[in-house]
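> Could you work out the structure for the sequence below:
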Amino acid sequence: MKVSVLGSSGSVGGNALKAASSLGIGIYGVSVNRDTDKLRSHIEAYKPSVAVITDSGSYREFINDTGNDRFGTARVLCGETGLREMTESPSSGVIVNAISGIAGLEPTLRALEAGKKVATANKESIVMGWPLIKERLSAGGELIPVDSEHSAVFQLIEGVKTGEVRKVILTASGGAVYGKSADELRGVTPDDCLSHPTWDMGEKITVDSATLMNKGLEIIEASHLFDLGFDMLDVLIHPQSLVHAMVEFTDGSLFAHIAPADMRIPISYAISHPARAELPGFSLDAADLARLEFYTPDRKRFPCLDLAVDAGRRGGEAPVVLCAADEAAVRAFLNGSIGFTDIPGIISRTLEKGLSGSLESSGGIIELYERAFSAAVGFAEGK
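Below you'll find the predicted structure:
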């Protein structure tokens, strides 16, 4: 079995390569969007057979620089065609989808159609395209979550009978600015948000962590993955990021998944499942567990959490519009066009437009996403 990592230039993708290597598993393929420097280093370090550059302009520059479509051990392919060849290859035993945003939807669907095990960190594809994913799963593909919270729930309830779960609690670190007052939040800068206390992640997800939007998206994701009603899902702020999820069973027992805050642990579990791999160097002791803290989230100061949950309850187009509006609002915040506290307002106004579209294909979802994104950009520019 070999692993292909989609989005290898990001934090999760890089950790997936390290995890597979530590497990003694070979890498068949890697993909990046534009970061060809990372691609070169990954080819040199992990010796994949195939590498994909999804951005056509970056691919042309790479080919011009190298003089051919090979670099080291790898054939270098371009775009969606290259991703399809890599994910559908019999040599790709496990597909790790670490692509960010809606770009991860189509590769998820194709990998599942090909009957692959997909270890996914791409929550947006689950939030926006679950009916399509569920249809592909019925054809024989396998989907295992990589996010630490969903991996924790997956492990806690595996083999549990339907009806024995009373509640699932996802934990949130609170991000970098959770302790600030409402007045202080109005002056929060991108640099403030990007100094995450426990996780090393990309810019978009780090801002989502600060607004609690990330946890709202994870609530929707958990509802789909584990077939749970929203009234069975809750969130607690847990600054230490050691307890990743808790499950309360119908007899009153509360089980917790506790592990160091390192993505190599859930990634390794997803790759090696149903086995549990040995990971030397990872452990906790009683001193670590003596300082655990949990708080109820402040939903007034951080309204994105409820915006997401409400969109999940509504279903239909709402989760697609939610993701698009959040993407646009976070980009505007990162480039200085809006303030931190403007983000939820832009998302709310975009949701209120009542945009509609076809959700019966990935193309229809992408078209709706693009219209919602444009609407949110307009709100950001006219704030």
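
> Which residue ranges of the stretch 101-250 of the chain form strands?
Counting by DSSP state E, counting those that start in this stretch, the stretch 101-250 of the chain has strands at residues 117-120, 142-145, 165-172, 233-237, 243-249.

> Need the winner for burial among these.
Scoring these by mean neighbour count under mean count of other CB atoms under 10 Å gives strand 117-120 as the most buried, with a mean of 27. The C-beta positions use only the backbone N, C-alpha and C, and glycine is treated the same way.

> returning to what we had before: indicate which one of the strands of the stretch 101-250 of the chain is closest to residue 322.
Nearest to residue 322, of all these, is strand 233-237, at 16.2 Å by CB to CB.

> The closest one - what's its average pLDDT?
The average pLDDT for strand 233-237 rounds to 98.

> Over to stretch 271-278?
Across stretch 271-278, pLDDT averages out at 92.

> Just the buried residues of that stretch, please?
Within stretch 271-278, the residues scored as buried using 16 or more other CB atoms under 10 Å are 271, 272, 273.

> now what about it, what contacts it?
Residues outside stretch 271-278 that contact it (CB atoms under 8 Å, 6 or more residues apart in numbering): 3, 16, 19-20, 23, 25, 94, 96, 117, 119, 144, 268-269.

> I'd like the buried residues of stretch 271-278 as a markdown table, with distance to residue 193 and secondary structure appended.
Formatted as a markdown table, these follow (distance: CB to CB, whole Å; DSSP: H, G, I helix; E, B strand; the rest coil):
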| residue | distance to residue 193 | secondary structure |
| --- | --- | --- |
| 271 | 31 | helix |
| 272 | 34 | helix |
| 273 | 33 | coil |
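
> Which of the residues you listed sits closest to residue 382?
Closest approach to residue 382 among the buried residues of stretch 271-278 (CB to CB): residue 271, at 46.0 Å.

> the bottom helix or strand of the protein by mean pLDDT?
In the chain, the helix or strand scored least confidently by mean pLDDT, DSSP states H and E is helix 286-289, which has a mean of 82.

> For the helix or strand following that one, give the mean pLDDT please.
As assigned by DSSP states H and E, the chain's next helix or strand after helix 286-289 is helix 304-314. For helix 304-314, mean pLDDT is 98.

> send the alpha carbons of helix 304-314 over as CSV?
The C-alpha trace of helix 304-314 is given here as CSV (Å, rounded to 0.1, in the frame of the first residue of the first chain):
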residue,chain,number,x,y,z
CYS,A,304,-19.9,32.6,13.9
LEU,A,305,-20.4,29.4,15.9
ASP,A,306,-24.2,29.8,15.8
LEU,A,307,-24.2,31.1,12.3
ALA,A,308,-22.7,27.8,11.2
VAL,A,309,-24.9,25.6,13.4
ASP,A,310,-28.0,27.4,12.1
ALA,A,311,-26.9,26.9,8.5
GLY,A,312,-26.3,23.2,9.2
ARG,A,313,-29.8,22.9,10.7
ARG,A,314,-31.3,24.6,7.6
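
> Specify the angle between the very next helix or strand once past that helix and helix 304-314 in degrees.
Toward the C-terminal end, the helix or strand that comes next after helix 304-314 (DSSP H and E) is helix 318-334. Interaxial angle, helix 318-334 versus helix 304-314 (axes from the mean of the first three to the mean of the last three CA atoms, to 10 degrees): 160 degrees.

> What residues sit buried inside stretch 308-317?
308, 309, 310, 311, 312, 317.

> got the contact list for the second one?
With contact taken as CB under 8 Å, 6+ apart, residue 309 is in contact with 216, 219, 220, 230.

> ditto for the fourth one
Applying CB under 8 Å, 6+ apart to residue 311 gives the contacts 220, 318, 319, 321, 322, 351.

> Then the last one?
Residues touching residue 317, when contacts are defined by CB under 8 Å, 6+ apart, comprise 355, 356, 357, 359, 368.

> which SS class is the closest residue to the third one other than its chain neighbours?
Ranked by CB to CB, 6 or more residues apart in numbering and with sequence neighbours excluded, the top spatial neighbour of residue 357 is residue 368, at 3.3 Å. Judged by DSSP: H, G, I helix; E, B strand; the rest coil, the three-state class of residue 368 is helix.

> picking up where we left off before, can you turn the buried part of the contacts of residue 317 into a ChimeraX selection?
Those of those that count as buried under 16+ other CB under 10 Å are selected in ChimeraX with:
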select :355,357,359,368
